[in-house]
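Engineer: Predicted model follows, preceded by the sequence.
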Amino acid sequence: MAHFVGAIDQGTTSTRFMIFDRAGREIARHQIEHRQILPAAGWVEHDATEIWENTLKTISVALAEAGLTSGDLAAIGITNQRESVVAWDRTTGKPCHNVIVWQDTRTDALVSRLDAAFVRDRTGLPPATYFSATKIQWLLENVDGLRARAEAGDVLFGTIDSWLIWNLTGGQHLTDVTNASRTMLMDLESLQWDQQLLDLFGITRAMLPEIRPSAEIYGHFEGVPIAAAIGDQQAALFGQTCFAPGEAKCTYGTGGFLLMNTGSTPVRSSHGLITTVGYQFGSTVTYALEGSIAVAGAAIQWLRDQLGVLDSAAASETLAAEVEDSAGICFVPAFSGLFAPYWRPDARAAIVGLSRYHTAAHITRAALEAICYQTRDVVEAMAQDSGTTLDCLQVDGGVTGNALCMQLQADILGVPVSRPAVAETTALGAAYAAGLQVGFWHSVDDLRANWHEDRRWQPTWSLERREEGITRWKAAIDRTLGWVG
Ligand SMILES: Nc1ncnc2c1ncn2[C@@H]1O[C@H](COP(=O)(O)OP(=O)(O)O)[C@@H](O)[C@H]1O
Ligand SMILES: O=P(O)(O)OC[C@H](O)CO
């Protein structure tokens, strides 16, 4: 009898395999970072083979460390960084190019030619370099011989879920609907590839995977059913047990992503949010509104890796705590332009207000504040679009390990911030979806009972201080616009 469920969480910076028991408790995990390949300004790539090898390794090490074998797993769920595109050879299974990552802005010019109203209406997405369609178009137009091979049926495309399903199951070319909803190629109502969009980007249907619900048996790996695939932010929504309309969470990883469950109908945004599929079980579809922030923890990574002012991401908390505030500076980390709610590809990052007085501690504190101000911007847009004002923000993801940042978030939002006991809600959500599919869990009520609060931060700033900060932040945003393009 299998007592556990496993989840592969293939994120932007690392791949982890986690094992959960029936109470949703973590039994084991193994995590491996992969290389961030930055070939030119604005370009971000990963090595698909490295990601696949890391996936295999994390599964075997986590099982070994827990003293388990694959036979102890009732199912495996997959969750993944979304939008990033892989192209691979159907016969050899070898990638034809590096993964073009969601943060990559090389397709700026292709995006600027799109009819924004048409794309938004069909897909729920504002045209942006963020999504998969122009990345596939770029590969077809720029990799020698790729279009001819793809049209002959020799090359397959997919997001990371498809790449992992293909490798784990020995050749199933499938994707789940939440990932498909991020490609800018899927009709949000029919949940199928849209022929007009395929024609627009020069993509043929046979190059793409079949779209399937978020939970079903896609195939087997070492005899274990691969029973769910779900984009990482939607998985976190599920792992945070936001099953009812109006329930929302914010995940702070490389980027930041606020998602609100909107029930069985797609809610169209008029305030700069995305309409997306939350999850699909059988024929029941749940939609979500999403505020996507391109750079959250990535700003801390940048301070660590590019500027070298931090030894580790965690050191950002101690350094930022050395000063009482950011002494009037603002850091807008628009490295990939600005996503929600601005959608300005022409923005680039800036630190404004600097004088000789300022130190690395002020800049680090401003980076943490930027994560929180960006989140406040999307919380505001969410309230305008959904008519629902959050009275508490449920949070998760790597950055939530930073207590100072979460205190700043409560201060800047003016509402409490709550972190669950299992902060790895992305992996947990994928495990939940897979476990429900195979009957390991029986209903979402079982899952709700597993949610426990670990820590809550209460707002401490006066309204005046909050408003002053927001005004300064908006002025800083204005200064980043129109820098490129
Ligand atoms: N204590 C911390 N303070 C601030 N940022 C952190 C902290 N720990 C991790 N991070 C940031 O969180 C990100 C990793 O979080 P994770 O949820 O694993 O992201 P992803 O799924 O995008 O790979 C990195 O960008 C890292 O810089
Ligand atoms: O890998 P993460 O957690 O930063 O998530 C990336 C998102 O899926 C991009 O849309």
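Structural biologist: Sure thing, it's come through. Ligands and ions are numbered 1, 2, ... in the order given.

Engineer: For the nearest residue to Glu189 once chain neighbours are set aside, grab the count of nearby residues.
Structural biologist: For Glu189, ignoring the flanking residues on the chain, the nearest one in space by C-beta to C-beta, 6 or more residues apart in numbering is Pro266 at 7.3 Å. Backbone N, C-alpha and C define where each C-beta goes, glycine included. Pro266: 19 surrounding residues under other C-beta atoms under 10 Å.

Engineer: what do you get for the one 10 residues further on?
Structural biologist: Thr276 is flanked by 26 other residues according to other C-beta under 10 Å.

Engineer: tell me which parts of the stretch 351-485 of the chain are close to ligand 1?
Structural biologist: By the rule C-beta under 6 Å from any ligand atom, the part of the stretch 351-485 of the chain lying against ligand 1 is Gly397, Gly398, Val399, Gly401, Asn402, Cys405.

Engineer: of all those, which comes closest to Ala248?
Structural biologist: Of all those, Gly397 has the smallest distance to Ala248: 14.1 Å, by C-beta to C-beta.

Engineer: how near is the closest one to ligand 2?
Structural biologist: 7 Å (C-beta to the nearest ligand atom, to the nearest Å).

Engineer: I'd like the distance from that residue to Trp457, if you could.
Structural biologist: Distance, Gly397 to Trp457, using C-beta to C-beta, to the nearest Å: 15 Å.

Engineer: ditto for Ala228
Structural biologist: 32 Å.

Engineer: In terms of neighbours, single out the busier of the two.
Structural biologist: Ala228 (34 against 23).

Engineer: Contacts only, for that one.
Structural biologist: For Ala228, the contact set (C-beta atoms under 8 Å, 6 or more residues apart in numbering) comprises Ala75, Gly77, Ile78, Asp176, Ser214, Ala215, Glu216, Ala430, Ala433, Ala434, Gln437.

Engineer: repeat that with 7 Å
Structural biologist: Ala228 makes contacts with Gly77, Ile78, Ser214, Ala215, Ala430, Ala433, Ala434, Gln437, as judged by C-beta atoms under 7 Å, 6 or more residues apart in numbering.

Engineer: do the same with Arg365
Structural biologist: If you count contacts by C-beta under 7 Å, 6+ apart, Arg365 has them with Ala320, Val323, Asp325, Ser326.

Engineer: cool, and Glu453?
Structural biologist: Neighbour list for Glu453: Ser418, Pro420 [criterion: C-beta under 7 Å, 6+ apart].

Engineer: let's see 10 Å
Structural biologist: Residues in contact with Glu453 (C-beta atoms under 10 Å, 6 or more residues apart in numbering) are Cys392, Gln394, Ser418, Arg419, Pro420, Ala421.

Engineer: What parts of the chain come near ligand 2?
Structural biologist: Contact residues, the chain versus ligand 2 (C-beta under 6 Å from any ligand atom): Gly11, Thr12, Gln81, Arg82, Glu83, Trp102, Gly231, Asp232, Gln233, Gly253, Thr254, Gly255.

Engineer: Please convert the buried members of the contacts of Glu453 into ChimeraX selection syntax.
Structural biologist: Here is the ChimeraX command that selects the buried residues among those (16 or more other C-beta atoms under 10 Å):
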select :394,418,419,420
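
Engineer: Can you tell me the element the closest residue in space to Asp176 that isn't next to it in sequence falls in?
Structural biologist: Spatial nearest neighbour of Asp176, excluding adjacent residues (C-beta to C-beta, 6+ apart): Ala229 at 4.1 Å. In this assignment (DSSP states H and E), Ala229 forms part of strand 224-231.

Engineer: following that strand, which helix or strand comes up?
Structural biologist: On the C-terminal side of strand 224-231, the nearest following helix or strand under DSSP H and E is helix 232-239.

Engineer: what angle separates that following helix from strand 224-231?
Structural biologist: 110 degrees (axes from the mean of the first three to the mean of the last three C-alpha atoms, to 10 degrees).

Engineer: tell me the mean pLDDT for helix 232-239?
Structural biologist: If you average the pLDDT over helix 232-239, you get 96.

Engineer: Name every strand pairing with the following helix or strand past it and say which way it goes.
Structural biologist: Moving toward the C-terminus from helix 232-239, the next helix or strand (DSSP H and E) is strand 248-252. Strand pairing for strand 248-252, using DSSP bridges, gives strand 256-263 (antiparallel), strand 393-396 (parallel).

Engineer: Would you mind listing the buried residues in strand 248-252?
Structural biologist: Buried, per 16+ other C-beta under 10 Å, within strand 248-252: Ala248, Lys249, Cys250, Thr251, Tyr252.

Engineer: Could you dump the residues you listed into a markdown table with pLDDT and distance to Pro95 added?
Structural biologist: What follows is the buried residues of strand 248-252, written out as a markdown table (pLDDT from 0 to 100; distance: C-beta to C-beta, whole Å):
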| residue | pLDDT | distance to Pro95 |
| --- | --- | --- |
| Ala248 | 92 | 36 |
| Lys249 | 96 | 33 |
| Cys250 | 97 | 33 |
| Thr251 | 96 | 27 |
| Tyr252 | 96 | 30 |
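
Engineer: from those, which is closest to ligand 2?
Structural biologist: Distance to ligand 2, by C-beta to the nearest ligand atom, is smallest for Thr251 among the buried residues of strand 248-252, at 6.4 Å.

Engineer: Go ahead and confirm the closest one touches Gly398.
Structural biologist: Yes. Counting by C-beta atoms under 10 Å, Thr251 touches Gly398, with 9.1 Å between them.

Engineer: tell me, what's touching these two both at once?
Structural biologist: Here Thr251 and Gly398 have Ala296, Ala423 as joint contacts, going by C-beta under 10 Å, 6+ apart.

Engineer: Helix or strand with the lowest mean pLDDT in this protein?
Structural biologist: Least confident helix or strand, the chain: helix 444-448 with a mean of 89, by mean pLDDT, DSSP states H and E.

Engineer: Compute the distance from the centre of the helix or strand following that helix to the centre of its chain.
Structural biologist: With elements assigned by DSSP H and E, the helix or strand that comes after helix 444-448 is strand 453-457. Relative to the centre of its chain, strand 453-457 is centred 23 Å away, using C-alpha atoms, centre = their mean, to the nearest Å.

Engineer: Note down every partner strand of strand 453-457 and its orientation.
Structural biologist: Under the criterion DSSP bridges, strand 453-457 sits next to strand 417-420 (antiparallel) in its sheet.

Engineer: what residues does the partner strand touch?
Structural biologist: Contacts to strand 417-420, defined as C-beta under 10 Å, 6+ apart, come from residues 24, 239-241, 249-250, 372, 375, 392-397, 400-401, 403, 405-411, 425, 428, 450-459.

Engineer: PyMOL command for the buried members of these?
Structural biologist: In PyMOL, the members of those classed as buried (16+ other C-beta under 10 Å) are selected with the following command:
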select buried, resi 24+239+240+241+249+250+372+375+393+394+395+396+397+400+405+406+407+408+409+410+411+425+428+450+451+457+459
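
Engineer: Where is the longest helix in this structure?
Structural biologist: If you go by DSSP state H, the chain has its longest helix at helix 360-386.

Engineer: From one end of stretch 314-334 to the other, what's the distance?
Structural biologist: Stretch 314-334 has an end-to-end distance of 22 Å (criterion: C-alpha to C-alpha, to the nearest Å).

Engineer: unless I'm mixing things up, Leu7 is touching Ala236, no?
Structural biologist: In this structure residue 7 is Ala, not Leu. No. Contact criterion C-beta under 10 Å: Ala7 and Ala236 do not qualify, at 11.7 Å.
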